[in-house]
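Asker: return a 3D structure for these sequence lines:
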Amino acid sequence: MEIFSAVSDLPDDCVEYTIFLRDARESPTSKLERDAKLEDIASAASELSEPWTREYIWQRQEFNVKVVEYLGEPCLRGVTEFGDSIDDEWFIVFILRELSKKFPDIVVKITDNDGEFLLIEAANAIPKWLNPDNADSRVWIYNGNLCIIPTEDPDLATSYTLHDALQFLSNNASMLYHPQILQKEAFARLQGYPQAIQENIHRAKVVVPRRVAQILHHCPRYVAPASEAFLLRDPISMKVCSAMRNFPPEDSVTCVVKITKLLYTQMKSQRIIPPAKFKVPKANEEGYDEAELGMKIACGFELLCAGSGKSRVRKQKDYSTDPRFKEYMRMLEKEGFFKHEIPGTPLYQQLVSQAKKTFAEVSGDVYNTSDIGADIINGLETMDELSDEVIATWDSTVDDDKWMDIDFTEFESMLDSNARHGAGYNDQPEDTEEAKREILESQEKVKSMVDRLRKFMDDEKAGFDGVEFDDDISDRDEEEAARFSRIEELDDDDEVNEDDFLEFFLKEALKLSPEEIEQFRTDPTPEELKRLDGKTTASSERKDEDDDIADELLVKGIINEGENNDFEIMRNLLESIKSQEGGAGPGSNLLARLGLGSN
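Answerer: Residues are numbered from 1 along each chain as shown. You can find the predicted model right below:
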């Protein structure tokens, strides 16, 4: 079984891709000539993608390939860590697909932690005989198409070895299975490319330290690592932002920065008390949005340069107990890689070292990432002083961020569309009209609840995270003001009357009748929520009861990470309140934010 086609050990946020010469095994050319050809293809890949990647902002790592030898086969291989940006993964698919159109003598394999994710996309169009047990080395991108090596007998279909697959691709490419419906399903997310690439970028006005503006103008891609450094911050690392030695905010300018829509959403959703160095207006005052976002980006740069951003480098590990490496070594020995050398000899040890190096490269266990913070500091030393006159010549176009608003009509249509294509849709009970009416009523209740939460979060009269305090708060003792304003530091012993709030919530937010409220008290999982969840189990599995309420609201609700998240907000909140039994927890924290707790 081909060990690298089962990629369960690949991190969740990585994609790996390999490019083989289709006729390498049949061609009499030397290794030197094959490597030279692969280098030419790597250069062509850079030239091909350059117009699209020139101003592209990668979340973490960019597309890259280098020549390696894998199981005796010369190839180009790369691993990209894309973080939360699935768009980066699909951009790489687009690049590789276009490259395969330009070079008909190459074949491409691309996988992530889900394995053959293109097959998952095309699940409704793949042959019935194809399954994870026999798909190894059968799935390739060739000449712009997703192709499957066919089988003569579906009942006896087995996996291919890499060598056998390349042999088939070299001699029988015309026999590959690649119907149009397969291409449509597998590459559906690439519709609109390459124009869609730029649609991922948002231009926002910010107030940032002059040095930050200078860096982002010369190298816009640095906004991604700076944003991630801020998003992954911790209280200890944030101490450097109290001084802002590298990027003093006293000398700030207003400019427009480019940032991905994903990062923009993530940064906007963060709640933070500005460090004392920053002069951020109140939430209801003009200039608040650009000052707040600029403050967050500036803090991210300070974290990067202070070395406080979380490292992305994966260190090489000991492979002696790694089953993948053991299988890899067995296959190398079978292929004659060790040239019948006796273990322990100098040549054998040299070959083992070479095998480990190649394994680390192709398995994604080692990433050669530069010290971005050091690069930024060094770059600042070579840059000329940035004047206001120069900034005035920069593009000042700002994009509207209404794309962040939830369109519930479109949302419901998407849910309905996905349900019709999902398993079991045709097995609905006969009273579908009645069921549909009940679901729509439930959806209206969910929308009402989400609107209430969003109104609470956006209340301009509220302080950070919805805690209200008077305009004369500056006259209070600083420690007392900080205690009321830092929601993130709520004590675990905050007392909340869980029973009273539960009745209030069910009655006011969901508009349930007294009978329905009583049913909820006696049944851990209300029937309406059972239908919405699609399951009739006696109790729901709880998700990470230790997660803080910020994740529960901002990530699952406001950001809308997924298709059913508005319903999840309601279900998770109710489950949390019931499971606490009057004690502290996420539900208690939310009650305190709503002003229903007692200190």
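Asker: what's the burial count for the closest residue to Pro281 other than its chain neighbours?
Answerer: Closest residue to Pro281 apart from its sequence neighbours, by CB to CB, 6 or more residues apart in numbering: Tyr288 at 4.6 Å. From N, CA and C alone the C-beta is placed, and that goes for glycine too. Neighbour count for Tyr288, taken as other CB atoms under 10 Å: 14.
Asker: distance of Tyr288 from Lys282?
Answerer: 7 Å (CB to CB, to the nearest Å).
Asker: coming back round to it: and the residue nearest to Pro281, backbone torsions?
Answerer: Backbone dihedrals for Tyr288, given as degrees, to the nearest 10, come out at phi -70, psi -50.
Asker: would you agree it is in contact with Val280?
Answerer: Yes: Tyr288 is in contact with Val280 according to CB atoms under 8 Å; the separation is 6.9 Å.
Asker: average pLDDT for stretch 224-240?
Answerer: On average, the pLDDT along stretch 224-240 is 92.
Asker: quick one: buried residues of it?
Answerer: Ala224, Pro225, Ala226, Ser227, Glu228, Ala229, Phe230, Leu231, Arg233, Ser237, Met238, Val240 (16 or more other CB atoms under 10 Å).
Asker: any chance of these in CSV, plus secondary structure and distance to Asp133?
Answerer: Conversion of the buried residues of stretch 224-240 to CSV gives the following (DSSP: H, G, I helix; E, B strand; the rest coil; distance: CB to CB, whole Å):
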residue, secondary structure, distance to Asp133
Ala224, helix, 39
Pro225, helix, 40
Ala226, helix, 45
Ser227, helix, 41
Glu228, helix, 38
Ala229, helix, 43
Phe230, helix, 44
Leu231, helix, 39
Arg233, coil, 44
Ser237, helix, 46
Met238, helix, 49
Val240, helix, 52
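Asker: quick one: the residues you listed as CSV, columns for distance to Val398 too.
Answerer: Listed next are the buried residues of stretch 224-240 as CSV, based on distance: CB to CB, whole Å:
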residue, distance to Val398
Ala224, 20
Pro225, 23
Ala226, 20
Ser227, 18
Glu228, 23
Ala229, 24
Phe230, 21
Leu231, 23
Arg233, 27
Ser237, 31
Met238, 28
Val240, 30
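Asker: so where do the strands sit in the stretch 101-250 of the chain?
Answerer: Residue ranges of the strands in the stretch 101-250 of the chain, as given by DSSP state E, counting those that start in this stretch, are 106-112, 139-142, 145-148, 201-209.
Asker: would you mind writing the CA trace of the second one as CSV?
Answerer: It stands for strand 139-142. What follows is strand 139-142, C-alpha atoms only, in CSV (Å, rounded to 0.1, in the frame of the first residue of the first chain):
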residue,chain,number,x,y,z
VAL,A,139,-6.3,9.5,-8.8
TRP,A,140,-4.3,12.1,-10.8
ILE,A,141,-4.6,15.5,-12.4
TYR,A,142,-3.6,15.0,-16.1
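Asker: TSV for the strands of the stretch 101-250 of the chain, including mean neighbour count?
Answerer: As requested, the strands of the stretch 101-250 of the chain are exported to TSV (neighbours: other CB atoms under 10 Å):
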stretch	mean neighbour count
strand 106-112	23
strand 139-142	24
strand 145-148	23
strand 201-209	21
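Asker: so for Arg60, which of these sits nearest?
Answerer: strand 106-112 (14.0 Å; CB to CB).
Asker: ends of stretch 227-247, what's the gap?
Answerer: 15 Å (CA to CA, to the nearest Å).
Asker: what of stretch 219-236?
Answerer: Chord length of stretch 219-236, first to last residue, is 28 Å (CA to CA).
Asker: other residues contacting it?
Answerer: For stretch 219-236, the surrounding residues in contact (CB atoms under 8 Å, 6 or more residues apart in numbering) are 55-60, 83, 215-216, 257-260, 263, 266-267, 270, 296-297, 299-301, 303-304, 308-310, 372, 376, 379.
Asker: excluding its backbone neighbours, what's nearest Glu199?
Answerer: Gly192 (7.7 Å).
Asker: give me the neighbour count for the one you found.
Answerer: 9.
Asker: can you list the low-confidence ranges for the chain?
Answerer: Within the chain, the stretches with pLDDT under 70 are 1-9, 24-29, 308-324, 327, 334-335, 357-370, 411, 414, 416-512, 516-599.
Asker: rerun at 80
Answerer: 1-12, 23-31, 70-72, 307-342, 344-371, 406-599 (pLDDT under 80).
Asker: so where do the strands sit in it?
Answerer: For the chain, the strands defined by DSSP state E occupy 14-21, 66-70, 73-81, 106-112, 139-142, 145-148, 201-209, 252-260.
Asker: quick one: buried ones out of the contacts of stretch 219-236?
Answerer: So, by 16+ other CB under 10 Å, the buried ones in the contacts of stretch 219-236 are 56-60, 83, 215-216, 257-260, 263, 266-267, 296-297, 299-301, 303-304, 308-309, 372, 376.
Asker: of the residues you listed, which belong to helices?
Answerer: Taking DSSP state H, the ones among these that sit in helices are 215-216, 263, 266-267, 296-297, 299-301, 303-304, 372, 376.
Asker: next up, phi/psi of Tyr193, please.
Answerer: phi -70, psi 150.
Asker: separation between the closest residue to it other than its chain neighbours and Thr18?
Answerer: Nearest non-adjacent residue to Tyr193, counting by CB to CB, 6+ apart: Phe94, 4.9 Å away. Phe94 sits 17 Å away from Thr18 when distances are taken as CB to CB.
Asker: the two: which has the busier surroundings?
Answerer: When neighbours are counted by other CB under 10 Å, Phe94 and Thr18 differ, and Thr18 comes out ahead with 23 against 19.
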